[in-house]
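> can you look at this prediction? I've put the sequence above it.
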Amino acid sequence: MNSQIYIFSRAIRTGKTTTLRNWPEGKPNIAGILTPDENGLRKLYDITSGTIYDLQVAETFPGPVINIGRFVFDQSVMEKAKQLLLDACYKNTDWLVIDEVGKLETEQNAGLEPAITEIILHYQSGKATGKLLLVIRNSLLDKVVKKYSLEGAVIFSDHLPEL
């Protein structure tokens, strides 16, 4: 089966994650992560298990952190996200969802890197089964497409692909 890469792109704070959260409900064989805001803090949601982790933490958080803009992220949760994505990438899933490829990955080679690069290359090689859905804010879309050679990806902005 040829793998395909899809991109879901909209402006920030336009409900991308909310739309994604409702999209796979009741559908089997979807893996990946979502990063919803809950009570003003960014969380990490594992689609497969339904587990929610505290991704965004206070500036006084005692463990290793990643800083980007106004956000402070728990490094250990980011590592967990990378491992969840890599594990799912090499399994037989219909869809692998990554919410989101952002400034950390494109400008700092941090965050979900190097897992993002490995996953995209795996799908581009044709070795992966299923489809990859990347969430990218529209202001970064051109930069992300160029960085990861995603010119052939199918881009959605008003709706998600049919399952």
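Here it is on my side, so go on.
> rest of the way, CA atoms for contacts and neighbours
Will do.
> just checking, what packs against the lowest-mean-pLDDT helix or strand in the chain?
Of all the helices and strands that make up the chain, the one with the lowest confidence by mean pLDDT, DSSP states H and E is helix 16-22; it has a mean of 82. Packed against helix 16-22, as judged by 3 or more C-alpha pairs under 8 Å, 6 or more residues apart in numbering; DSSP states H and E, are the following elements: strand 4-10, strand 30-34.
> which among these is found nearest to residue 86?
Each of the helices and strands packed on helix 16-22 was scored for nearness to residue 86 using C-alpha to C-alpha, and the closest is strand 30-34 (9.2 Å).
> centre-most residue in this protein?
Per C-alpha atoms, centre = their mean, the C-alpha nearest to the average position across the chain is that of residue 98, at 2.1 Å.
> so it sits in a helix?
No. In this structure, residue 98 is strand, not part of a helix, as judged by DSSP: H, G, I helix; E, B strand; the rest coil.
> if we ignore the residues flanking it in sequence, what's nearest it?
Nearest residue to residue 98, sequence neighbours excluded (C-alpha to C-alpha, 6 or more residues apart in numbering): residue 134, at 5.0 Å.
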